[in-house]
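>>> sequence first, then the predicted structure:
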Amino acid sequence: MSWAAARALAARSAGRLEPARVPLQEALGRRLTAPLAALVPVPGVDVAAMDGYAVAGRGPWLVVGGVLAGGAPYGGVL
């Protein structure tokens, strides 16, 4: 069977699945059927002032390091 014929057969054979509610621990590998809304604001505080890039001198700039949330500050010189 050719690849095109196999794809066509698979497309004809597949049917739409009905949505199902499952506990979170059983949701691995499944897909959402509706938007997911958090019950509380996440993150709980405004942290946008902490996000961004630090640059020095005239561009173009080169990324020389990164700091993850809660990680140690960048120790190099810009």
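Now that the structure is in, tell me what you want to look at.
>>> any chance you could map the helices in this protein?
Across the chain, reading from the start of the chain, the helices by DSSP state H fall at 3-13.
>>> low pLDDT regions in it?
When the per-residue scores of the chain are filtered using pLDDT under 70, the ranges that remain are 46-51, 78.
>>> hmm, try it at 90
The chain contains residues with pLDDT under 90 at 11, 14-18, 24, 31, 33-78.
>>> for it, what spans make up the strands?
Per DSSP state E, the chain has no strands. Nothing in it meets that criterion.
>>> relative to residue 12, how far out is residue 3?
15 Å (Cβ to Cβ, to the nearest Å). Heads up, the C-betas are built off the backbone N, CA and C, glycines and all.
>>> what's the local residue count around residue 43?
The criterion is other Cβ atoms under 10 Å. On that basis, residue 43 has 9 neighbouring residues.
>>> who's in contact with it?
Under the criterion of Cβ atoms under 8 Å, 6 or more residues apart in numbering, residue 43 has no neighbours.
>>> wait, residue 64 touches residue 75, no?
No - applying Cβ atoms under 8 Å as the test, residue 64 and residue 75 come out as separate, 11.1 Å apart.
>>> report the contact partners of the spatially closest residue to residue 65 that is not a sequence neighbour.
With Cβ to Cβ, 6 or more residues apart in numbering as the measure, residue 74 is the residue that lies nearest to residue 65, at 4.7 Å, once sequence neighbours are left out. Residues near residue 74 by Cβ under 8 Å, 6+ apart: 54, 65-67.
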